[in-house]
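Peer 1: with the input below, show me the fold.
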Amino acid sequence: MVLVFLLSLGWVSGCGQGDGTSAFGEPPPTGTWYPEPVALRIHPSTRYVQEGDRVWLRTRVELLDALGDPLKYPARFRFELWRSGGVGGSGSLAYVWRFDVLGYAEQDSAYDPVTRCYAFSLTLDDVGAIEDLRRMRLRVYAETADGERLQREMVLRP
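Peer 2: Next up, the predicted model:
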């Protein structure tokens, strides 16, 4: 009974020293890893989908931590679809889409736990104005809740 009482006192008071040290009696080492996004990846399964006269660009985006693993993280996404030119080349902006994935409901809606990616369907309203889908570039920006800005782009294939 005394042992249970002493253990409960330790649980209530916590295991740390209260002076910034850990339960191990020392501060966390410099360079301690924290899961936060440092890179953005456009998933290679990004593709055009057509149903009748409607076309979507279905894309999946991963936020990657310093170890290269995908993770959930609050962010604002901006997608730009550019005409002509290769990656990094010039061209004209055809479409812009924005999505905020900041709260629980938005995370639940946008994040696919099976592929560990954010999944988006981007509607192309004026398909007739796009002469050649093979020359389109998708540029994705993500601004995380803590201000980190990430960017990636890829050439799309029809």
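
Peer 1: the protein: strands as residue ranges?
Peer 2: Remark: strands assigned in the chain by DSSP state E are 39-42, 47-51, 54-64, 75-83, 92-101, 111-112, 117-124, 137-144, 149-155.

Peer 1: measure how far the shortest one is from the centre of its chain, please.
Peer 2: In this case it means strand 111-112. On the basis of C-alpha atoms, centre = their mean, to the nearest Å, strand 111-112 sits 10 Å off its chain's mean C-alpha point.

Peer 1: direction included, what does that strand pair against?
Peer 2: Within its sheet, strand 111-112 is paired with strand 117-124 (antiparallel), according to DSSP bridges.

Peer 1: please point out which parts of the strand it pairs with sit buried.
Peer 2: Applying a neighbour-count criterion of 16 or more other C-beta atoms under 10 Å, one finds 117-120, 122, 124 buried in strand 117-124. To be clear about C-beta, it is placed using only N, CA and C from the backbone, and glycine gets the same treatment.

Peer 1: export these to a markdown table and tack on distance to residue 82 and pLDDT?
Peer 2: Conversion of those to a markdown table gives the following (distance: C-beta to C-beta, whole Å; pLDDT from 0 to 100):
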| residue | distance to residue 82 | pLDDT |
| --- | --- | --- |
| 117 | 22 | 94 |
| 118 | 21 | 97 |
| 119 | 22 | 96 |
| 120 | 17 | 96 |
| 122 | 13 | 93 |
| 124 | 13 | 87 |
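
Peer 1: wait, which of these is closest to residue 73?
Peer 2: residue 118 (9.8 Å; C-beta to C-beta).

Peer 1: now the residue nearest to the spatial centre of the chain, nearest residue through space, not along the chain?
Peer 2: Ranked by distance to the mean C-alpha position of the chain (C-alpha atoms, centre = their mean), the top residue is residue 63 at 3.5 Å. Nearest non-adjacent residue to residue 63, counting by C-beta to C-beta, 6 or more residues apart in numbering: residue 37, 3.9 Å away.
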